[in-house]
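K.L.:
show me how the following folds:
(chains A, B, C and D)
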Number of protein chains: 2
Amino acid sequence: MEQELNTTQTKSEQQNEILVAALKLFAEKGYFNTSLTDIAEASGVKTVSAIYQHFNNKQSIANKLYENILDSLNVSIDDIRRRTQKSSEQLRGVVDLFFKLTDTAPTVMTFLLVMPVHEILPEQKPLFETSAFTKILKIIQSGVRAGEIRNIDPLLANAYFFGIINNTLRMVLTGELNKSAEAYRSQTWLAAWNLVAKKSSVF
Amino acid sequence: MEQELNTTQTKSEQQNEILVAALKLFAEKGYFNTSLTDIAEASGVKTVSAIYQHFNNKQSIANKLYENILDSLNVSIDDIRRRTQKSSEQLRGVVDLFFKLTDTAPTVMTFLLVMPVHEILPEQKPLFETSAFTKILKIIQSGVRAGEIRNIDPLLANAYFFGIINNTLRMVLTGELNKSAEAYRSQTWLAAWNLVAKKSSVF
DNA sequence: GTCTATACGCCGATAGAC
DNA sequence: GTCTATCGGCGTATAGAC
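P.N.:
Below is the predicted model:
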């Protein structure tokens, strides 16, 4: 039983390289414009066959990415909800997270905000039915109950609030807005929050 | 020179049938999941070859759709701008148009709001650089000058305003919101307008 | 367990009969 | 000018040598 001290990567390291390369290409060119050859070349794994050591097919790469991103998001949101009880602060936490991710991991946010997941993974639950986004809706619902958020349909509040947030981030990702997400963060938070908050005293 | 009184369709009628069928399929399954065979079967034209009588290739079908939709939008927006000078009323006109289209021509709005046009037509200008959407931005800019709209970056005002509008419509199109667009129209208009309007006295 | 070679199918596109 | 037949190629996927 030799030690693994050679330059050969472990299985999980390779798998990760494939996922990272795939995410980048998917975000840049789209899933259907990306071939397995592209992914093999962009990742350390230089051959298409090697990809099949880790994934059954092309779809399962996208699937794994989707799961990983949502899992990670889920953890972050749990974390945020644990830190405070107030809906406003929880929402603020989510918004800060989204803006930070847009600057530090734009491919991840591109996957979440601009890629047509249902075309790529027709089997998968749509975003808004996933655990992570259900939790965000719960934050809004409890905000309504607590009187922090105006008494409107939580689904609509969600639509409005994240309409502003996500559209701003989408425009950053596409270059339509040309500064970093961070540059728009506080102003956009205020706009979105005041829209749904009970007392809109800021303006 | 015989008269054309037979049941055979004219060239432009056929072309239109192809476009309608393609639009429907693209909106339902996505461009890359739709084959020319699918389009041929769904349109009156029963054979793939016949499609090539009207279009050079698959892309040019999507291209023609894109152009037609944007042209039509352009005309409507010109019309709206001609009817009134006030930015608020012009924006209201655009919003009413979008909501109406979402109910009466959901495939058109799906093409505009959820399809990844740049993946399908990499050559085409992105939506926000098209004439129609430049005009919408102009409406906002003149609203700022006229003092109707708060003095913020017009691009941001645009991001916020249509963030709300488009996200709501997107949720209607995907079924995340389960009533017709019309059911949300006035409430959503108010939310979006008050967000950018100078005096937010409504709430 | 990694690469070569190759199979296989689908789809876009064309040629050519009628 | 419409359909049949078919091509060519790409991209996914696999078999098998080493």
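K.L.:
and whatever residue of chain A ends up closest to DNA strand C, how many neighbours?
P.N.:
With distances taken as Cβ to the nearest atom of the strand, chain A approaches DNA strand C most closely at residue A:49, which sits 3.7 Å away. Where C-beta positions appear, they are placed from N, C-alpha and C, glycine not excepted. Counted by other Cβ atoms under 10 Å in any protein chain shown, the residues lying close to residue A:49 total 10.
K.L.:
that one sits in which helix or strand?
P.N.:
The secondary structure element spanning residue A:49 is helix A:48-51 (assigned by DSSP states H and E).
K.L.:
by contact count, what packs against that helix?
P.N.:
Based on contacts counted as 3 or more Cβ pairs under 8 Å, 6 or more residues apart in numbering or on different chains; DSSP states H and E, the elements that helix A:48-51 packs against are helix A:36-42.
K.L.:
packing partners of the helix it packs on?
P.N.:
Using 3+ Cβ pairs under 8 Å, 6+ apart, helix A:36-42 sits against helix A:11-29, helix A:48-51.
K.L.:
ok so, going back, chain B versus the residue of chain A closest to DNA strand C, what's the distance?
P.N.:
Distance, residue A:49 to chain B, using Cβ to the nearest Cβ, to the nearest Å: 24 Å.
K.L.:
what pLDDT is listed against residue A:7?
P.N.:
In the predicted model, residue A:7 carries a pLDDT score of 45.
K.L.:
for residue A:2, same thing?
P.N.:
Per-residue pLDDT puts residue A:2 at 39.
K.L.:
for chain A, what spans make up the helices?
P.N.:
Counting by DSSP state H, the segments of chain A that form helices are A:11-29, A:36-42, A:48-51, A:58-83, A:87-104, A:106-113, A:117-120, A:131-145, A:154-174, A:181-196.
K.L.:
with mean pLDDT as new columns, can the helices and strands packed on helix A:36-42 be given to me in CSV?
P.N.:
Written out in CSV, the entries for the helices and strands packed on helix A:36-42 read as follows (pLDDT from 0 to 100):
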stretch, mean pLDDT
helix A:11-29, 93
helix A:48-51, 96
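K.L.:
nearest to residue A:97, of those?
P.N.:
For the helices and strands packed on helix A:36-42, the distance to residue A:97 is smallest for helix A:11-29, at 18.1 Å, taking Cβ to Cβ.
K.L.:
pull out the buried residues from stretch A:14-21.
P.N.:
By 16 or more other Cβ atoms under 10 Å in any protein chain shown, the buried positions in stretch A:14-21 come out as A:14-19, A:21.
K.L.:
do the same with stretch A:22-34
P.N.:
For stretch A:22-34, a neighbour-count test (16+ other Cβ under 10 Å) marks A:22-27, A:30-32, A:34 as buried.
K.L.:
tilt between the lowest-mean-pLDDT helix or strand in chain A and helix A:154-174?
P.N.:
Within chain A, confidence by mean pLDDT, DSSP states H and E is lowest for helix A:11-29 among all helices and strands, at a mean of 93. Helix A:11-29 and helix A:154-174 are oriented at 90 degrees to each other (axes from the mean of the first three to the mean of the last three Cα atoms, to 10 degrees).
K.L.:
so which of the buried residues of stretch A:22-34 comes closest to residue B:59?
P.N.:
Of all the buried residues of stretch A:22-34, residue A:32 has the smallest distance to residue B:59: 12.9 Å, by Cβ to Cβ.
K.L.:
spatially nearest residue to the closest one (excluding sequence neighbours)?
P.N.:
In this structure, residue A:32 finds its nearest non-sequential neighbour in residue B:32, 3.9 Å apart by Cβ to Cβ, 6 or more residues apart in numbering or on different chains.
K.L.:
which ones are touching the one you found?
P.N.:
Going by Cβ atoms under 8 Å, 6 or more residues apart in numbering or on different chains, residue B:32 touches A:32, A:119, B:120.
K.L.:
low-confidence ranges in chain A?
P.N.:
Of all residues in chain A, those with pLDDT under 70 make up the ranges A:1-11, A:200-203.
K.L.:
can I see the domain layout of it?
P.N.:
Taking automatic domain parsing as the domain assignment, the record places the domains of chain A at A:10-55, A:63-196.
K.L.:
could you count how many residues lie near residue A:178?
P.N.:
Applying other Cβ under 10 Å, we find 9 residues neighbouring residue A:178.
K.L.:
quick one: the helices of chain A as CSV, columns for distance to DNA strand D too.
P.N.:
CSV is the format used below for those (distance: least, Cβ to the nearest atom of the strand, whole Å):
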stretch, distance to DNA strand D
helix A:11-29, 11
helix A:36-42, 4
helix A:48-51, 4
helix A:58-83, 4
helix A:87-104, 27
helix A:106-113, 17
helix A:117-120, 12
helix A:131-145, 27
helix A:154-174, 24
helix A:181-196, 31
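K.L.:
for those helices, which one sits closest to residue B:185?
P.N.:
The minimum distance between residue B:185 and the helices of chain A falls on helix A:154-174, with 12.0 Å, by Cβ to Cβ.
K.L.:
how about the closest residue to residue A:172 other than its chain neighbours, what does it touch?
P.N.:
In space, and not counting its chain neighbours, residue A:172 is closest to residue A:181: 4.8 Å by Cβ to Cβ, 6+ apart. Applying Cβ under 8 Å, 6+ apart to residue A:181 gives the contacts A:99-100, A:102-103, A:168-169, A:172.
K.L.:
one more pass at 10 Å, please.
P.N.:
Residue A:181 makes contacts with A:98-104, A:106, A:109, A:168-169, A:171-173, A:188, as judged by Cβ atoms under 10 Å, 6 or more residues apart in numbering or on different chains.
K.L.:
close to chain B, is stretch A:97-115?
P.N.:
Yes: using Cβ under 10 Å from any Cβ of the partner chain as the criterion, contacts between stretch A:97-115 and chain B involve A:114-115.
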